[in-house]
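Enquirer: Got a predicted structure here, sequence first:
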Amino acid sequence: AIRLYLLHSPAVRADDLKFKETGVELVLRQVLIPLWSVFDGFFVTYARIFDWSPKKGEEPKPEVLIDRWILSLLQKLIIDVEEGMGQFDLSKAVEPFIGFVDQLTNWYIRRCRRRFYTDKDVEDRNQAFNTLYYVLKTLSQIAAPFIPLFSESIYQHLKFDEDPESVHLCEFPKVKENLRDKNLEEEMSSMRSLCSLGHSLRKEHMLKVRQPLRKITIACPNEKTSQFFQKESWLISEELNVKEVLTTKDDSALVDIFVKPNFPVLGKKVGRNMREVQSEISKLESDQLIDVFNRRDVSIFVEEEEVLLKPEDLVIRKVVKEGLAASHHKDLTVSLDVYLDEELLCEGMARELINKMQRLRKESGFEVTDRIEIQMESTSLVKEAFEAHKDLILSEVLGEKLEFIACNGNEVDLNGEKAVISLKVAKK
């Protein structure tokens with residue numbers, strides 16, 4: 001952790017550095033612990049459960065889009081790290097590695113988790129295992145110069161007998177152009193930005209991600225990106241926990257565009273006619289405002305003379321319409337339907353119950369594969385939520401049965417409803 005902290009600091013450029021333990025702790029929390037959790041807590045655990053092992057010499061042949069994306073990012077990582085190392089800029093070489101770990105842990109794994117622990121031995125699960133195995137093994141070779149012991153530990157668990165004895169005896173990975181897809185990288189980056197806006201809106205309106213919402217509306221003028229959002233809407237739906245994903249090119253129903261002269265620049269162009277120009281700018285039609293926002297030139301007429309307004313002549317801003325739960329960034333505008341009806345509240349209660357039971361499973365030291373029996377004492381509202389989503393709840397927590405009876409257990413809060421929950425391993 002200290003080594004990675006220093007490599008990613010001004011010290012490698014011979015600049016001053018005020019050493020902080022909090023900086024080392026940040027490296028642990030954001031890079032090393034998450035990466036080890038992906039490897040040992042996730043990949044190794046589920047590979048053992050399903051008795052999965054890689055085939056020697058088999059490279060991933062991804063069909064699922066998110067597999068193709070992470071493998072493409074891996075190729076970009078190789079390029080970026082080589083570039084930094086080639087320039088003898090260690091901080092520049094470490095930066096993309098840290099970013100990749102974030103993409104792997106906070107997007108790929110979170111969105112693919114269900115693919116790994118499905119009970120059915122299907123090809124999709126095998127592709128997910130193959131992809132993650134390839135990524136982790138390659139990543140151990142990329143990261144070896146930066147975190148040598150950490151990388152060695154991962155490599156030793158993943159290597160074949162015929163592979164080099166140590167990760168430090170391996171050649172640095174070569175870029176596989178057939179796995180690179182720059183367009184996909186850009187589109188997925190836009191989707192992550194979109195989801196970030198959605199999470200910010202949830203936080204602003206104090207809505208937990210576990211609380212389902214009815215729909216999200218996405219305004220994106222780029223037709224290709226908009227089609228990508230619609231085609232892969234399941235990623236947005238799962239990440240933001242919404243029932244429906246709607247896309248549109250026009251954001252006029254969500255935001256207003258305000259334009260005013262950039263006086264220092266425009267004043268030099270129009271001189272004494274500034275007052276008249278300002279008046280004409282205030283009369284721009286909606287289609288002209290859209291052109292302005294998209295940084296296209298717009299013409300106005302002052303005293304029967306044409307004045308061509310360029311993007312740098314104007315100050316432009318978008319403002320969310322009053323009463324909407326919406327936000328925008330660059331050319332993306334997102335609006336959430338935050339109205340909660342009884343059906344949504346009921347499902348939100350069920351998901352809160354799942355979350356609390358999963359935590360209790362972990363605190364009780366149960367194995368990942370342990371089936372459990374549940375006793376619970378709670379309110380009628382919680383009971384109604386369980387009855388409405390019984391199959392989902394029992395499936396998620398590996399529950400054999402749940403009884404509503406007085407019991408001794410852990411007291412929890414379920415969205416304001418009190419409950420006492422007792423778990424035990426089911427008899428085999």
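Expert: Thanks, I have the structure now. Numbers count the residues shown, from 1 in each chain.
Enquirer: Now do the contacts for residue 36.
Expert: Counting by Cβ atoms under 8 Å, 6 or more residues apart in numbering, residue 36 touches residue 150. (C-beta placed from N, C-alpha, C; glycine too.)
Enquirer: quick one: it and residue 104, what's the gap?
Expert: 12 Å (Cβ to Cβ, to the nearest Å).
Enquirer: try residue 54
Expert: Plainly put, residue 54 is 18 Å away from residue 104 if you go by Cβ to Cβ.
Enquirer: So these two - more neighbours on which side?
Expert: residue 104 (22 against 15; other Cβ atoms under 10 Å).
Enquirer: so the more buried one touches residue 143, yeah?
Expert: No - with contacts counted by Cβ atoms under 8 Å, residue 104 stays clear of residue 143, the gap being 11.7 Å.
Enquirer: Phi first, then psi, for the residue nearest in space to the middle of the chain.
Expert: Closest residue to the average C-alpha location of the chain: residue 107 at 4.0 Å, with Cα atoms, centre = their mean. Torsion angles at residue 107 (phi, psi; degrees, to the nearest 10) stand at phi -130, psi -60.
Enquirer: With adjacent residues omitted, what lies nearest to it?
Expert: residue 192 (6.4 Å; Cβ to Cβ, 6 or more residues apart in numbering).
Enquirer: buried set for whichever strand or helix holds that neighbour?
Expert: Using DSSP states H and E, residue 192 falls within helix 182-204. Under the neighbour-count criterion of 16 or more other Cβ atoms under 10 Å, helix 182-204 has 184, 185, 187, 188, 190, 191, 194, 195, 197, 198, 201, 202 buried.
Enquirer: need the next SSE after it, C-terminal direction.
Expert: Assignment by DSSP H and E places the next element after helix 182-204 at strand 213-219.
Enquirer: Dump the helix or strand following that following strand to PDB, keeping only the CA atoms.
Expert: Counting by DSSP H and E, the next helix or strand C-terminal to strand 213-219 is helix 223-231. Extracted in PDB, the C-alpha atoms of helix 223-231 (Å, rounded to 0.1, in the frame of the first residue of the first chain):
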ATOM      1  CA  GLU A 223     -28.700   9.100 -31.800                       C
ATOM      2  CA  LYS A 224     -26.000   6.400 -31.600                       C
ATOM      3  CA  THR A 225     -25.500   6.900 -27.900                       C
ATOM      4  CA  SER A 226     -29.300   7.000 -27.300                       C
ATOM      5  CA  GLN A 227     -29.800   3.700 -29.200                       C
ATOM      6  CA  PHE A 228     -27.000   2.200 -27.100                       C
ATOM      7  CA  PHE A 229     -28.800   3.200 -23.900                       C
ATOM      8  CA  GLN A 230     -32.000   1.700 -25.200                       C
ATOM      9  CA  LYS A 231     -30.400  -1.500 -26.300                       C
END
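Enquirer: What are the contacting residues of helix 223-231?
Expert: Helix 223-231 is contacted by residues 187, 190, 191, 194, 218, 220, 236, 245, 247, 248, 249 when judged by Cβ under 8 Å, 6+ apart.
Enquirer: cool, stretch 305-323 as well?
Expert: Applying Cβ under 8 Å, 6+ apart, the contact partners of stretch 305-323 are 251, 253-262, 265-266, 269-270, 273, 277, 280-281, 292-293, 295-301, 326-328, 333.
Enquirer: And it, end to end?
Expert: Start-to-end span of stretch 305-323 (Cα to Cα, to the nearest Å) is 41 Å.
Enquirer: returning to that earlier point: write the PyMOL selection for whichever of the contacts of stretch 305-323 are buried.
Expert: This is how PyMOL selects the buried members of these, with burial counted by 16+ other Cβ under 10 Å:
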select buried, resi 251+254+255+257+259+261+262+266+270+273+277+281+292+293+298+300+326+327+328+333
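Enquirer: From the contacts of stretch 305-323, which land in strands?
Expert: Among those, the ones falling in strands (DSSP state E) are 255-261, 298-301, 326-328, 333.
Enquirer: Farthest pair within those residues?
Expert: By the measure Cβ to Cβ, 301 and 327 form the most distant pair in the ones in strands among the contacts of stretch 305-323, at 36.0 Å.
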